[in-house]
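> I'd like to go over a predicted model; first the sequence, then the structure.
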Amino acid sequence: MATDQIITKYSIPVSLLILEKPPINIDWLLSFPHSPTISALHSRLKLPSSFSKSLLARTLVDPTSEAAKAYPHNKHLARSGTVIAGYLVSEYLVSRYPRLPYDVLTAGLQAFAGVPVLHQVGREWGVELGKSGEFENYGKLLFQRAEIGAVDPKKGEKFADRAMADMVRSVIGGVYISEGFTASKVFVHNHLLSRTLQMSSLFKFNEPSRELSRLCTRENLDRPIFRSISETGRVSRSPVFVIGVYLGDEMVGQGQASSVDEAKFRAAANALKAWYLYENKPFQLPSLTLESPDAAFVPNYIDAGEVIV
């Protein structure tokens, strides 16, 4: 088969075919995108025909891998996927929860699109870890594995979770490049934003009572008052105090603990969570205007911002 026919049939870059001494077997290079494992992964992810199997094979080649010396790696795709996923997740969180503090927004972004969750997504896709240099690992993620137990990877090495996360990012980037923004948006919502996340677990407060007081002052609300709702075993080894925090006659938070101070802390924290986790219902994503400039878009509620303590 002539060189130009090979290039046309397999979409292999010319630079990989004119090496005087190919670092790997050229037959393997041509057959890698057509392995059964990659075909199965392509079908499992329901990727469009425009997302070629050659492109999917590229997402499995990490820059640290020996294969990257002879086959295009996924670094560029992963970069695109990082930007797309970050934008879509941030847009979703800000639009749905307009009062989120910045630290919680950042934690939410990591919870939906950080390394741990992307690593889990890749494993759920059925992607297996290969070993750098073993080119017979068709359809497996090829990377130079960092030594287990090392604090930081050496130059040219990568931990398995980060390599898998970059693979998932590169698939997102590949969907965006091959099908456009709308397809990548659907893909991110199906594979990342469809996951369950308890937003209330992302909050950490140092002085919730003070923060609640500042919030009420800013919003011209009544001063928060703590009141005892119930208590049991005050003089026992296991007392339980239930404290409520009120704005006028309305209880906005409740806390239960083995001490009064801790119960007040939890009551104030729960009141703040109730405020910050206010949801826009219904809400539209601003990216709707990117998909259809003439779409009727209703601006979402924009809050005054988090409280400065």
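Sure, I can see it.
> ok, now which residue in this structure is the farthest from the centroid?
Val235 (48.0 Å; CA atoms, centre = their mean).
> any idea how far Phe241 is from it?
Val235 sits 13 Å away from Phe241, going by CB to CB, to the nearest Å. Every residue, glycine included, has its C-beta placed from N, CA and C.
> ok, now Ala271?
For Ala271, the distance to Phe241 - CB to CB - is 17 Å.
> which strands and helices sit next to the host helix or strand of Ser170?
Element membership of Ser170 [criterion: DSSP states H and E] is helix 160-179. The contact analysis (3 or more CB pairs under 8 Å, 6 or more residues apart in numbering; DSSP states H and E) places helix 160-179 against helix 53-59, helix 75-96, helix 115-125, helix 181-188.
> Distance from the chain centre to it, please.
Helix 160-179 sits 12 Å away from the centroid of its parent chain (CA atoms, centre = their mean, to the nearest Å).
> Use 456 as the first number from now on
New numbering, starting at 456: the last item is helix 615-634.
> what comes up buried for it?
By neighbour count with 16 or more other CB atoms under 10 Å, helix 615-634 contains the buried residues 617-634.
> Could you pull out the strands in the stretch 606-755 of the chain for me?
For the stretch 606-755 of the chain, the strands defined by DSSP state E, counting those that start in this stretch occupy 680-687, 695-702, 705-712.
> these two touch, right, Ala750 and Pro741?
No: using CB atoms under 8 Å, Ala750 makes no contact with Pro741, being 10.5 Å away.
> quick one, which of these two is more surrounded?
Pro741 (13 against 10; other CB atoms under 10 Å).
> so who does the nearest residue to the more buried one once chain neighbours are set aside touch?
What sits nearest to Pro741 in space, not counting adjacent residues and going by CB to CB, 6 or more residues apart in numbering, is Glu546, at 6.3 Å. Counting by CB atoms under 8 Å, 6 or more residues apart in numbering, Glu546 touches Leu740, Pro741, Ser742.
> how deep is Leu510 tucked in, by neighbour count?
If you count neighbours by other CB under 10 Å, Leu510 ends up with 23.
> per-residue confidence for the residue nearest to it when sequence neighbours are not counted?
Nearest non-adjacent residue to Leu510, counting by CB to CB, 6+ apart: Gly629, 5.2 Å away. For Gly629, the pLDDT comes out at 97.
> my read: Gly629 touches Arg534, true?
No: assessed by CB under 8 Å, Gly629 is found out of contact with Arg534, at 11.8 Å.
> From Thr687, how far off is the nearest residue to Leu543 once chain neighbours are set aside?
Nearest residue to Leu543 in three dimensions, chain neighbours excluded: Val643, at 4.6 Å (CB to CB, 6+ apart). From Val643 over to Thr687 the distance is 48 Å, taken as CB to CB.
> now do Glu705
Taking CB to CB, one finds Glu705 at 25 Å from Thr687.
> so who does the residue nearest the centre of the chain touch?
By CA atoms, centre = their mean, the mean C-alpha position of the chain lies nearest to Ala568, the distance being 0.8 Å. Going by CB under 8 Å, 6+ apart, Ala568 touches Ala540, Gly541, Val544, Leu647.
> do Val623 as well
Gly536, Leu573, His574, Val576, Gly577, Trp580.
> which phi and psi does the nearest residue to Leu743 once chain neighbours are set aside have?
Of all residues not flanking Leu743 in the chain, Ala750 sits nearest, at 5.1 Å (CB to CB, 6+ apart). For Ala750, the backbone dihedrals (degrees, to the nearest 10) come out as phi -70, psi 150.
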